[in-house]
Structure formats: C-alpha cells, structure tokens
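In: fold the stuff below for me.
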Amino acid sequence: MAVVIASSHSPVMSSSEQPRTPSPAPKQGETVVSADGASEIATSSVAATDPNVVTSKRNSDPGFFDTHLRACPAEALKKIQRKKLITRLVSDIGKANEEVDMYAPLTSLLSEISKTVFTTCISSNKSKKSRPRFQNEREIEFLNHSSCPLAQFPVGEPDVKPDVVGVFKLLPNQHFVIHHDGTYREIPCHRVETFVEAKTERDRAKGLPQAGSYIYHMLQCRPDRPGYYGLTVTPKYFKVLYGCPTGLVSSELTPWTEVEKLCAYVYSLYDPPAGHILHDRTVTWQEPKATLFGRPSWTITTKRPSGVDSSSEDSETGEDDVYVYRGAELIFLGYPFGRRTTIFRVRREGYPPVIIKEYFVGSGRRFEESDLLSHIHAQGFVPGVVRAVTAETVVSEGEAIIFRNASTSETRTKRRIVLVDAGVDLEYAKSVNDLLKVAYDALEIHRSVARHRRVLHRDMSLFNILMYPTSCECDEGDWCDFLPPLIDEVLTGQRLPNDKRNPHALVIDFDHSAKLDVTENTVEVFEELQFRTGTPMYIARAVVVSAELPSSSFATRFKRMPTLSAKAKALYIEAHGKERYIQYCDDPNGNTYHGGERPLAIVDSDADELAELAMKTVFYHRWRYDAESVFWTLYSVLLRVLPMGAVDTEEAASVMAENWRNFKSHTIPDVDKTKGYRDNRFLIFSSGKPNFKSAFLPQMQDVADLLFEMAKHVLPSYALLSPPPPHDDHLHEALQRLILEYLVTHEGDPIPLTPGVLRAAATKAVKQDGLEVGTYGDKSKTGTQGNGKKRTRDEAQGPQRQSSRKSGGTELTRPREDDPPTLRGLLPGNALGGGNA
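Out: So this is what the prediction gives:
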C-alpha cells in the first residue's frame, strides 16, 4: 500500500492545546506504579499492590546500590572524600531542624560532588577512549527551587515542587529566574534532570511517596527520558529512587556517613549502569526561538517511512534510512510505568497531521499493534482504520531501549509507530447526526475487520473512536474490496469510488486487539480472548466480571432484531441487498431473538437454572462486547453535549449529573473481587424510561428515545440463548438499524451542537482535576476519563474463566454444532461452552 507523506519541514501550526491524559496524575504524597492502571506490571521489588500508594518498606530494594547505580570512579571518590567542605556540608544537613535549613547545604553538597565527578572524569585531559561514556557533556548543578512548582508541564499545573533540582549548566548568556529570597523560580520541567525532596525526621514517611509522585510527573512530561533518578533526604538519612517502565524502586534508608553511595547517585546521572537508560537521543526538546524556557516542541528521529524518497531534505543527518519530524506536540500522556504510551502530533501546512506513538511493549504481549495494522491493511487500505507507515524498536546511540526486571524476568522494549490518519474528539461534534453517523460507521468498520481480517479490537471507547478523520493520500488500487457501504452511501443510495469513501469514524489504538487467525495455535488464541481488557467507563459488562450476567434484571429481556420503516428498509436493501436484511431478521411469530432461541429456563424465569446456564458459559471476548462499548461511548457523549442555543434546565441537570456520576464512577474490580460486583451503569436504566429521558434536554428527547431503545438490545445476556444468535455481529446489526431509522426520520433535523462545549452538570458531577482532554485532534476541557484508568488488562493473572458451581473449577465443554462457523474453526475442541452470542 503506497501512502504519500509530505516533508515534515512544512511550517508547523502553533497550538496552545494541551495533551490528554487517561487519568489525573497521583496527588502529592501518592504515586502510581501499575501498568496502564492494572496488572501489566508484576514486580516484587517495584510496586505495591495498591496502585495509588507507595510505602518505603514495600518498595525498598536492599541491593539497590549494586543493581541500579554505578559506583563513582575511585579517583573522583577519593577527591570528594578528602574535601573538608563535603564533611562540613553533611554535618550542616544533620543539624537541620526544619526542611528550610537543609536547602542550602544540600545544593552546595550535591553541586560540589557533581562538579568533582564532571571535572575528574570529563574535563580532565584524558582521551575520550579512556574516560567513561557520559550521556551528556555538560555539568549538572543543583539549585534551590523550594518556593514554587516547576513550570511548562504539558498538562495543567501539577503541584510538583521539589526542594532542589539538578539541571545542566546554562550557557553564559542564559539565566534562570531568581527570587529575592535566593530561590529559583519557574525552571521548566524539561530542563530538570533530577530532583531532591527534603523532609524532617518527623515527616520522613512522607518523603518517598512525594518523591514517587514527582517521578511519575517527570516521566510523563519527558518523553526523552526512559529512566529517571530522584532523591529524598532527612537530616539523618537519604534514599535514592529510580523510575522506569518496569516500575519504581528505591534504596533502603542510608546514613549520610556512606557518602560513597550518594556519590554513586550523582555519578549515575552522567553514567548510569547497564540497562538504566536515562536519555532517548531520538527524541529531543526544542524551546520556542522567541521564548527561552518556554513550552517545548519535540524533534523525533525515526526510521524512514516506506514510500518516502531518500533524497528528501530530511536526510540532512547523512543517514539514508533516517527521517526527522520537527515541531511535534504532545497530545497524549499515558501512565509512566508499564506500557507508558506517549503520542505526538506533527502538524503540516496543507497536509493531514502525522501521529507518532511511542510505548514500551511487555515481553508477555502476544500481539503487536503495528503487526496487526499491517495485517488489517495487507489486502488494501481499510477506510476508517488508522495506518502505520513506520514501526520500529527505538535504538538510541546504537542501543535498543530495553528495560529488564531481574525479579520477574519482565522486559519492556520501547517501540515507535508513525500513523498517517488523525481525527477529532467526539466531544467536538458539530451535530447529533454527525455523532450517530460516527457510531454507525465505527460498527461497520469493526464488524468488517473482525470478519474479513480476523482482528478484534477489544477496546472501543471515547479514546479510540474519532470523528472528522483526515488521512494521507492512498494510491488508487490500494484499497480493500470488502468494506460494505458506509452510512453516507446508505443514505444517498450511491456507492462511492474508493477515493471518495470518507468514513465518519476513525478507529485507532489496536494495542489490546487480538488476531483471530485459525492458522495459529487455537488454544493460545482462545486464551488471549479470555483476558479482561477495556476502558472502565466503556467496557462491556460481561468483560468486567468475566461472565454472563444472569442475575441482572435486564439479562432475559430479549428484543427481536429491529425492523425498518419502508424508506429506511429500501435504502438498506439498495446498499446491502435483501439477503443481508433477511438473514438478521427474526420470525415475528417464532421464539428467536437476534436469531437465538430462549430456553425453557428463561421462559419460566427459573433463576437457579439461569445461573447454572451462565456458569457453564465459558467467558471469552465476543464481538458484541465491542458493540456494547460503542453504545457506552455514544451514550457518554450524547448525554453531555450541548445543543446550540440550549439552556440546561434544573431538573435535567440534576438527573443528568446523577447518571453521569454513576457512569463515570464505574471501575473494573480486581479479579478476586468480581463475585457480587454491581455495575453502576445499571442504575442509569433501572428507574425506567421516563427517568432516563429526563436527564436529556428538550431538544434531545428523540435522541434519548433512540438510546433507550438501543440499550434494550445491549443489556440482555445473549449467551443464555440456546442455540445462540448465529451471527457474531448481531448486536452491531441491531444498533446500526436503529441508528439508520433515526437518521432517515431526522434527516432535516441534525440538532446542531456547540463543538467542544459540554453541559455544566457534566463537569460538576465529579471532582475536576483541570485536565485538558483530547486525542489525535482538537481538545476540550472536561474532567478525568476512565475513573483514573484509561484501560486495564489482566495479564499477570492469566485468562479468567467462569468457574463451575458444581465442580468448583472450570467446566469446559465441546463447541456446539450450532456455533457460528466463524468461531467453530477458531476455538479448541474442549474450550467453548454455552453459546457464541
């Protein structure tokens, strides 16, 4: 597939937008050490089980100084130990009664050690061959920054106020701001190489959590820093911290008499031990020419994209296989531990933006996003699915950036992909009809990719469905031939040529997708489908608990496949043919619902038999779970958007705030806490349709009717039907039919919206953290997303199967003959029971 990429030297548009984060960073005194909010990271020396709390005992590594630091060379260490100034400064720190009394001797002590290390090992007359390979050729000095927070964070204004910061010395004509009290002010975070947090002995316990929180922030805002050191001190002791993708770890309390260990910390800032990479030289910051210490853009050096001429002006590096992107802006910051996803956007005048995505892939991952995208587009460009033109393991200074955890044998490798499709947040929709068209096309794209390219997304959400896509050009002939008509083609009755097919949706982020390839080991593929994965607010209910939900009052309220009005049906048949329409319809006089039949237990409402049937239904990620996630995504946006000129009523705002609170507070429980778990999102519908509709403004009442009707098809547990629905995409079909009917009926009433402006009750319903929320396009200011977690994946625990109440273990049965052919060939003979809905 040939994709046209314009030079990255095109003028870059300025932007004051701030990047999105999946959740607020931890508050001061807290830190997060889990991967993407769940169990992707499992280390004995790194993380506490509670992802929001770090304690000194659980994170201390007795072997820290041997494992995570490089000893200071003997020549430099002897010079330091002989200096009376060092002894005096250590003594002054020990005499301090308050934190403020420690700042001056701390900055002097660490600066003196740093100066001695630098001059001895770098600035001496030694040849480069005989001296250590320092990562930087400039001296680090330590400055008192205790009076105000660091500046230029890419998201918000976090209270990151370390007492002392280590920075590379400035050029003679450059100067940081100094306050009248002698402290430095507003040093930008991208210039801070390390920090020190001081505490009195009575507050010693607060030092490590606060320092851990600072490392969280520093790793987030510094995509050029794979690893980061910090220091926390008291008058009697110090602790060194190290954070990287495999987690956060600290030394034990160390007395000041062991100066050689403090020197090892300082020396490691220049020359860290093997496997502790502090700088990624392929990512560098650039401050605005007119604003010294201003918010930086980023220059990223990558492998040359396929289809780009090696004579491009970007070859100025002298390397034919290198391509340079300048002016990149951060648009997404993931959790700094674990996968640590970071996303940049490079704007180019006259061309669609380029998206650069970096992440640290774990050794246990079965599928790689770039491989899945290549597979999806292998038979031609699939409109509506993001494309990657570069995929690489990041190599800095000849060394692949790989982190290994000796305790767990876990590895994290830095990967980078360059994407050539972008879009805008759904919250920036211009009309309700635009949003509904996005949902329709997203469902069509999802079901087509699952059927024809055998890839299941498994994380459909507000984060991963964009609208108003912009894409680089694709040569004629390099298009897939399996994507059915999209919503515009259905509504107009015209099949468009490939280069005119512009989906309303762009599906991105295939990090957690699974390849349903029957040529691979089917047992492994099936086990992959048993992992719980998704974004808390949008994840399907069955995925949350790894089981169907027979106890839900909605579980057995099955609805027949929607039929269409004469006009909508005519448009449908013109686009898809009569055969497709008929094959999904139910017999109005029969006992089928979405093609599946209700067993007697459901007809008789026998709760015990229903529970038994659900227990025998082996959990795996079904296609309809992603369709449910699309529904939750659509609901979350339509509930909060503000029609143009509309004013919120008190009653609607009150109900809306309650429903939004129930929706937003949804979490994914730990694996061992799913029994008896209640999904807060049920409360949105449990009070009935009148209450549900009262949360919407008068202009949105027909939209509320549509959402409630969609919910009737989403909420039942179709796996309880026997035989189950014969088509994996039955829920996609039902939701798309309802959307089509609405669009036909409301063709002249699109309900214009105020892009980027949400109802006030949505922002007041939960505590706000001042985050700028956006994605591969524009941003809008809202609260945090995903209840503190972008998404979760049970990786360390392994597949989650539904236990059999009879045996207390896992009851697996052979696939039934009425299972859809698309899964009969996929699943192992002893792995599937209870239907395929």
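In: tell me how far stretch 543-560 lies from the chain's centre.
Out: Relative to its chain's centre, stretch 543-560 lies at 28 Å (Cα atoms, centre = their mean, to the nearest Å).
In: mind listing the helices for the stretch 451-600 of the chain?
Out: With DSSP state H, counting those that start in this stretch, the ranges of helices along the stretch 451-600 of the chain come out as 487-492, 522-529, 541-545, 566-576, 578-584, 600-603.
In: what does the stretch 101-250 of the chain give?
Out: 204-221.
In: ok now do the residue lying closest to Ser694 once chain neighbours are set aside, which residues does it touch?
Out: Once flanking residues are discounted, Ser694 sits nearest to Val655: 4.8 Å by Cβ to Cβ, 6 or more residues apart in numbering. For glycine as for every other residue, the C-beta is placed from the backbone atoms N, C-alpha and C. When contacts are counted by Cβ atoms under 8 Å, 6 or more residues apart in numbering, Val655 touches 691, 694-695.
In: which of those residues count as buried?
Out: By neighbour count, with 16 or more other Cβ atoms under 10 Å, these hold 694-695 as buried.
In: where does pLDDT dip in the stretch 501-650 of the chain?
Out: 518-525, 549-553, 600-611, 614 (pLDDT under 70).
In: mind redoing it with 90?
Out: 501, 511-512, 515-536, 541-558, 587-591, 597-620, 647-650 (pLDDT under 90).
In: now swap in the stretch 51-200 of the chain and tell me
Out: Residues of the stretch 51-200 of the chain that meet the criterion pLDDT under 90 lie in 51-62, 121-138, 154-159, 171-173, 179-182.
In: just checking, Tyr625 touches Val544?
Out: No. At 10.1 Å, Tyr625 and Val544 do not qualify as touching, with contact defined as Cβ atoms under 8 Å.
In: around Pro154, count how many other residues there are.
Out: 21 (other Cβ atoms under 10 Å).
In: could you do Ile582 as well?
Out: 9.
In: next one: the one 4 residues further on
Out: Under the neighbour criterion other Cβ under 10 Å, Asp586 is assigned a count of 19.
In: I'd say it and Arg598 touch.
Out: No. Look at Asp586 against Arg598 with Cβ under 8 Å: they stay out of range, at 11.4 Å.
In: same list, the helices of the stretch 451-600 of the chain, but as JSON lines with distance to Leu110 please.
Out: As requested, these are exported to JSON lines (distance: least, Cβ to Cβ, whole Å):
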{"stretch": "helix 487-492", "distance to Leu110": "62"}
{"stretch": "helix 522-529", "distance to Leu110": "48"}
{"stretch": "helix 541-545", "distance to Leu110": "48"}
{"stretch": "helix 566-576", "distance to Leu110": "69"}
{"stretch": "helix 578-584", "distance to Leu110": "70"}
{"stretch": "helix 600-603", "distance to Leu110": "71"}
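In: what's the most buried one of those helices?
Out: Most buried of those, by mean neighbour count (mean count of other Cβ atoms under 10 Å): helix 541-545, with a mean of 23.
In: need the residues touching each of Tyr625 and Val544.
Out: Joint contacts of Tyr625 and Val544 (Cβ under 8 Å, 6+ apart) are Gly534.
In: which parts of the stretch 501-650 of the chain are strands?
Out: 505-507, 514-515, 533-534, 592-593, 596-597, 641-643 (DSSP state E, counting those that start in this stretch).
In: quick one: Phe360 from Phe531, how far?
Out: Between Phe360 and Phe531 the computed distance is 19 Å (Cβ to Cβ, to the nearest Å).
In: those two: which has the busier surroundings?
Out: Using other Cβ under 10 Å as the criterion, Phe360 and Phe531 rank with Phe360 on top: 27 against 23.
In: contacting residues for the more buried one?
Out: Phe360 makes contact with 245, 338-340, 403, 412-415 under the criterion Cβ under 8 Å, 6+ apart.
In: tell me what it is bridged to.
Out: For Phe360, the beta-bridge partners under DSSP bridges are Lys414.
In: against Asp371, how distant is it?
Out: Noted for Phe360: a distance of 16 Å to Asp371, by Cβ to Cβ.
In: make sure Thr301 is actually in contact with Val322.
Out: Yes. Assessed by Cβ under 8 Å, Thr301 is found in contact with Val322 at 5.9 Å.
In: for Leu443, see how far away the closest residue to Leu426 other than its chain neighbours is.
Out: Spatial nearest neighbour of Leu426, chain neighbours left out: Val637 (4.7 Å); criterion: Cβ to Cβ, 6+ apart. Distance, Val637 to Leu443, using Cβ to Cβ: 15 Å.
In: got it, and Leu330?
Out: In terms of Cβ to Cβ, Leu330 sits 31 Å off from Leu443.
In: so for these two, which sits in the more crowded spot?
Out: The neighbour comparison of Leu330 against Leu443 (other Cβ under 10 Å) goes to Leu443, with 27 against 22.
In: got a pLDDT number for Leu827?
Out: Leu827 is assigned a predicted lDDT (pLDDT) of 30.
In: what segments of the stretch 201-350 of the chain are strands?
Out: 228-233, 237-244, 247-250, 254-255, 283-286, 297-303, 322-333, 342-348.
In: of all the ones you listed, which one is nearest Tyr265?
Out: strand 237-244 (4.8 Å; Cβ to Cβ).
In: just checking: what are the partner strands of that closest one?
Out: strand 228-233 (antiparallel), strand 247-250 (antiparallel), strand 254-255 (antiparallel).
In: how many residues are close by the spatially closest residue to Asp626 that is not a sequence neighbour?
Out: The spatial neighbour of Asp626 that comes closest, neighbours along the chain excluded (Cβ to Cβ, 6+ apart), is Met460 at 4.8 Å. By other Cβ under 10 Å, 27 other residues sit near Met460.
In: residues touching Met460, list them.
Out: Neighbours of Met460 in contact, by Cβ under 8 Å, 6+ apart: 442, 446, 507, 538, 626-627, 629-630, 633.
In: again, only using 7 Å
Out: By Cβ atoms under 7 Å, 6 or more residues apart in numbering, the contact list for Met460 reads 446, 538, 626, 629-630, 633.
In: filter these to the buried ones?
Out: 446, 538, 626, 629-630, 633.
In: phi, psi for Pro162 please.
Out: Phi and psi for Pro162, reported as degrees, to the nearest 10, are phi -70, psi 150.
In: any idea how far it lies from Ser147?
Out: Separation of Pro162 from Ser147 (Cβ to Cβ): 11 Å.
In: also Lys664?
Out: Distance from Lys664 to Ser147, counting by Cβ to Cβ: 36 Å.
In: who has more neighbours, these two?
Out: More neighbours surround Lys664 than the other of Lys664 and Ser147, with 20 against 15 (other Cβ under 10 Å).
In: isn't that one up against Thr535?
Out: No. At 11.8 Å, Lys664 does not count as touching Thr535 under the criterion of Cβ atoms under 7 Å.
In: nearest spatial neighbour of Thr284, skipping sequence neighbours?
Out: Closest to Thr284 by Cβ to Cβ, 6+ apart is Thr299, at 5.0 Å.
In: burial measure for that neighbour, as a count.
Out: Counted with other Cβ under 10 Å, residues neighbouring Thr299 total 18.
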